[in-house]
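> Okay, predicted coordinates and the sequence, questions at the end:
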Amino acid sequence: MTKKLKRDQLPAAKAKNWRHNFKEEKDKTFNLKVPKIILQKETYLALAGENENRVRIYLGLENDKEDHKYKLCAFAVSAFLLGSGDVYADYETPVFKLEKKNVDFSNNTKEVIERIHLYRKWRSGELDADDPGAIYRRYIYPNAYLMTKFELHEIFIAQKKDEALIEFGISKTMDAMVTGTSLLEADEQAAVEEEQEYFDVMAPCPPYCDERSLYNS
């Protein structure tokens, strides 16, 4: 009997296929280092707040290269429903960098914006125009992701996980997948293999952008 999927949950085979596609794309258009991108429960609770706001994750690049490659990074902000439509606007603060231990960058939004802009130069092909895959990146890789409420509530509240690990996969564009993990599991690759539950939880930017946002300037 097929196990009933939870809301926004990806079938295991689909998650595996998305991850496989992303690995293949690394040889064509994706020449960045990808660290572990972790959303901690404390960060989630701070961003969601009493109103259960949504979380938007912006992609950026570190200033320094590693093995002659730029390194991907990510920043999370709180997004609230603007009016009665389907538009979510960003709060400018707090903003957190999603590393193994999340870092509050609320007092350094200038650096956050600089790193986001650097990623967008890579995405547009401006950063390394001589790379043959650069011209295609804007059609594959988004600027940001707007996460839904359900998967994070499932991971942090229902499953009582300490952390959510954000990975990437490709269907037609690069998608983000999230799975729950504990502090003890965070460094174990086995914790994110076949037995894990993956959720397709985020709406990529573009098109789901906050055009008024400080971080989307």
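Thanks, I have the structure now.
> Is residue 155 in contact with residue 178, as I believe?
Yes - look at residue 155 against residue 178 with CB atoms under 8 Å: they come within range, at 6.9 Å. (C-beta placed from N, C-alpha, C; glycine too.)
> Burial check on residue 17, number of neighbours?
Close neighbours of residue 17, defined as other CB atoms under 10 Å, add up to 15.
> so what does the helix or strand where it lies touch, helix or strand wise?
Using DSSP states H and E, residue 17 sits within helix 12-25. Packed against helix 12-25, as judged by 3 or more CB pairs under 8 Å, 6 or more residues apart in numbering; DSSP states H and E, are the following elements: strand 163-170, strand 174-181.
> Next, the angle strand 163-170 makes with that helix.
70 degrees (axes from the mean of the first three to the mean of the last three CA atoms, to 10 degrees).
> Can you point out the buried residues in helix 12-25?
For helix 12-25, the buried set under the neighbour-count rule, 16 or more other CB atoms under 10 Å, comprises 12, 15, 18, 19, 21, 22, 25.
> ok, now stretch 205-217?
Going by 16+ other CB under 10 Å, stretch 205-217 has these buried residues: 205, 208, 209, 210, 213, 214, 215, 216.
> Now residue 93. Nearest residue, chain neighbours left out?
Nearest residue to residue 93 in three dimensions, chain neighbours excluded: residue 106, at 4.2 Å (CB to CB, 6 or more residues apart in numbering).
> per-residue confidence at the one you found?
Note on residue 106: pLDDT of 97.
> Tell me, how many residues neighbour it?
The local packing of residue 106 (other CB under 10 Å) involves 13 other residues.
> can you map out the strands along the protein?
37-40, 54-61, 72-81, 88-97, 103-104, 144-147, 163-170, 174-181, 199-200, 202-205 (DSSP state E).
> right, so of those strands, which gets closest to residue 4?
Closest of the strands of the chain to residue 4 is strand 199-200, at 14.3 Å (criterion: CB to CB).
> Which neighbouring elements make contact with the closest one?
strand 174-181.
> let's go with 10 Å and repeat that
Packing partners of strand 199-200 (3 or more CB pairs under 10 Å, 6 or more residues apart in numbering; DSSP states H and E): helix 12-25, helix 149-153, strand 174-181.
> Could you dump those into a markdown table and include distance to residue 129 and mean pLDDT?
Shown next, in a markdown table, are those (distance: least, CB to CB, whole Å; pLDDT from 0 to 100):
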| stretch | distance to residue 129 | mean pLDDT |
| --- | --- | --- |
| helix 12-25 | 19 | 92 |
| helix 149-153 | 37 | 88 |
| strand 174-181 | 20 | 85 |
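> which ones are touching the closest residue to residue 175 other than its chain neighbours?
Setting aside the residues directly before and after it, residue 175 is nearest to residue 169 in space (CB to CB, 6+ apart), at 5.1 Å. Contact analysis of residue 169 by CB atoms under 10 Å, 6 or more residues apart in numbering lists 10, 14-23, 25, 175-177, 198, 200.
> Now do residue 16 against residue 22, distance only.
11 Å (CB to CB, to the nearest Å).
> Show residues contacting stretch 208-217.
56, 58, 60, 75, 77, 79-80, 82, 86-93, 95, 109-110, 112-113, 116-117, 120, 142-146, 202-203, 205-206.
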